[in-house]
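Take this sequence and fold it.
(one chain, ligands or ions: 1)
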Amino acid sequence: MSILIYAENTDGKFKKSTYEAVSYAKAIAGRNNTNLIAISIGDVANDELAALGKYGAEKVLNVSNDKLKSFVNQAYAFVIAEAAKAEGANIMVLSNSFSGRGLAPRIAVKLQAGVADGAVSLPEQNGDKFTVKKTAFSGKAYAVVELTSANKVISLTPNSYKVVETGGTAVVEEFTVDFKESDFKQMLNEIVKSTDKVSLPDAEIVVSGGRGLKGPENWGLIEELAELLGAATACSKPVSDAGWRPHSEHVGQTGIAVSPNLYIAIGISGAIQHLAGISASKVIVAINKDAEAPFFKVADYGIVGDAFEIVPKLIEAVKQYKA
Ligand code: FAD
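Numbering: from 1, shown residues only. Predicted coordinates:
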């Protein structure tokens, strides 16, 4: 048995969710007394690659092919599956990020592997059988799945496993794959960045606004608080439907599922469809002028009051704390 973790980067830098996935994979490797190999695809500096050793990777396969500079599901899945075969790895770990969600099932098909997407804790092991707790129905519930196949793919929900530094430097090796043009049925030509703000699915703190904010002209409050906290901004569905915010910020059953350490819901009622996307949050704070708002039933902390009075006070308090 050996373990391969896909170390995802953004613009050449590894994200916290990558270190979480490496730490998680290392814990599985440690239990099984086996090697942990990482694979990185794209332009990542050698130091950054070798530093994966701090989190437990012994070896890093570096794939720097011009055709793979930008993320394409099909091509990346092909390369990762080829690396797994070359290294004899039978457990593949990756982050359940936007890319990971596309990659995990594709890698699983290529390797005839069982897949647990959105794992939230380490698997329980009984011989070759892994029992994995994972999110289901957009984070509305948890499911426990059994992986009994020889090959296994596990994608880890961001912010559900802590980064553990074990020390060490990884050996970096170039990894090349022979592929034909026809191996890639789609190619990415250009990425147009819509924002430089904190990415919502990976965010540790999310400040989210609902219809209680009355209109887009009041979103400065959400943005100012988010910026002070280093948080991503989000919203409820009606807010994005009304065009107050982009659809990429809409959280819930029909939007993005988030798993931050802190979710601050401002002027959001707490409808079941919204809660479906936030249930993996560690701490939930709700601010609502209606003491009966359903959000208070799931919130760890609640503030009953007018958002237009409370949020400016919060902003002032954070500014004073940071001063
Ligand atoms: P409202 O329900 O209008 O609530 C506004 C809240 O703001 C109220 O609780 C009010 O008390 C409070 N408020 C008003 N003024 C203030 C103030 N000054 N200060 C503080 N609080 C104030 N919704 C999602 O969010 N995500 C989804 O993915 C999603 N998917 C759906 C899928 C389906 C199939 C369906 C049927 C619905 C879906 N919805 C989804 C919609 C969902 O049911 C709710 O209608 C929606 O979440 C409500 O949004 P809201 O809380 O912003 O607005």
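
What helices and strands are in contact with the one helix or strand Met92 maps to?
According to DSSP states H and E, Met92 maps onto strand 91-95. Secondary-structure packing of strand 91-95 (3 or more CB pairs under 8 Å, 6 or more residues apart in numbering; DSSP states H and E): strand 3-6, helix 16-32, helix 73-87, helix 98-111, strand 152-156. C-betas here are computed from N, CA, C, even on glycine.

Cross-check the contact I'm expecting between Pro246 and Ala234.
No - if you go by CB atoms under 8 Å, Pro246 and Ala234 don't touch, sitting 10.6 Å apart.

More neighbours: which of these two?
Higher neighbour count among Pro246 and Ala234: Ala234, with 33 against 12, using other CB atoms under 10 Å.

what sits up against the helix or strand encompassing the more buried one?
Assigned by DSSP H and E, Ala234 belongs to strand 232-235. Here strand 232-235 makes contact (CB atoms under 8 Å, 6 or more residues apart in numbering) with 197-200, 203, 205-210, 219, 222-223, 226, 244-245, 249-251, 256, 258, 260.

Contacting the ligand as well, which ones from those?
The subset of the contacts of strand 232-235 lying close to the ligand, counting by CB under 6 Å from any ligand atom, consists of 210, 250.

What subset of the contacts of strand 232-235 is buried?
Buried residues within these, defined by neighbour count using 16 or more other CB atoms under 10 Å: 198-200, 203, 205-210, 219, 222, 226, 244-245, 249-251, 256, 258, 260.

Just the ones of these in strands?
If you go by DSSP state E, those have 205-209 in strands.

just to revisit the earlier point, need the helices and strands packed on strand 91-95 in JSON lines (columns: mean neighbour count, distance to the ligand and mean pLDDT).
Shown next, in JSON lines, are the helices and strands packed on strand 91-95 (neighbours: other CB atoms under 10 Å; distance: least, CB to the nearest ligand atom, whole Å; pLDDT from 0 to 100):
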{"stretch": "strand 3-6", "mean neighbour count": "30", "distance to the ligand": "28", "mean pLDDT": "98"}
{"stretch": "helix 16-32", "mean neighbour count": "21", "distance to the ligand": "22", "mean pLDDT": "95"}
{"stretch": "helix 73-87", "mean neighbour count": "20", "distance to the ligand": "24", "mean pLDDT": "94"}
{"stretch": "helix 98-111", "mean neighbour count": "20", "distance to the ligand": "17", "mean pLDDT": "95"}
{"stretch": "strand 152-156", "mean neighbour count": "29", "distance to the ligand": "21", "mean pLDDT": "97"}
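
Nearest to Gln273 among those would be which one?
Closest approach to Gln273 among the helices and strands packed on strand 91-95 (CB to CB): helix 98-111, 19.8 Å.

on contacts alone, who are the packing partners of the closest one?
helix 73-87, strand 91-95, strand 114-119, strand 152-156.

what's next to the first one, contact-wise?
Applying CB under 8 Å, 6+ apart, the contact partners of helix 73-87 are 2, 4, 6, 37, 39, 41, 61, 63, 67-68, 89-90, 92, 94, 99, 102-103, 106-107, 110-111, 151, 175, 177, 179, 183-187.

what angle separates that helix from helix 98-111?
Using axes from the mean of the first three to the mean of the last three CA atoms, to 10 degrees, the direction of helix 73-87 lies 50 degrees away from that of helix 98-111.

just to revisit the earlier point, reformat the helices and strands packed on strand 91-95 as TSV; add distance to Ala57.
Converted to TSV, the helices and strands packed on strand 91-95 look like this (distance: least, CB to CB, whole Å):
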stretch	distance to Ala57
strand 3-6	7
helix 16-32	6
helix 73-87	12
helix 98-111	17
strand 152-156	15
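
before we move on, back to that, anything in the strand holding Ala234 near the ligand?
No - using CB under 6 Å from any ligand atom, strand 232-235 stays clear of the ligand, with a minimum separation of 7.4 Å.

Following element in sequence after that strand, please.
By DSSP H and E, the next helix or strand past strand 232-235 is helix 237-241.

For the following helix or strand past that next one, which strands pair with it and how are they oriented?
Next helix or strand after helix 237-241 toward the C-terminus (DSSP H and E): strand 262-266. Paired neighbours of strand 262-266 in the sheet (DSSP bridges): strand 205-209 (parallel), strand 283-288 (parallel).

Let me see the residues that make contact with the last one.
Contacts of strand 283-288 with the rest of the structure, by CB under 8 Å, 6+ apart, involve 212, 261-270, 278, 293, 295-296, 298-305, 307, 310-311.

Got a ChimeraX select line for the buried ones in those?
In ChimeraX, a selection of the buried entries from the contacts of strand 283-288 looks like this (16+ other CB under 10 Å):
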select :212,262,263,264,265,266,267,268,269,270,278,293,295,296,298,299,302,303,307,310,311
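
so which of the contacts of strand 283-288 also contact the ligand?
With CB under 6 Å from any ligand atom as the criterion, the contacts of strand 283-288 include 212, 267-269, 293, 307 near the ligand.

Now tabulate the strands paired with strand 262-266 in a markdown table and tack on mean pLDDT.
Formatted as a markdown table, the strands paired with strand 262-266 follow (pLDDT from 0 to 100):
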| stretch | mean pLDDT |
| --- | --- |
| strand 205-209 | 97 |
| strand 283-288 | 98 |
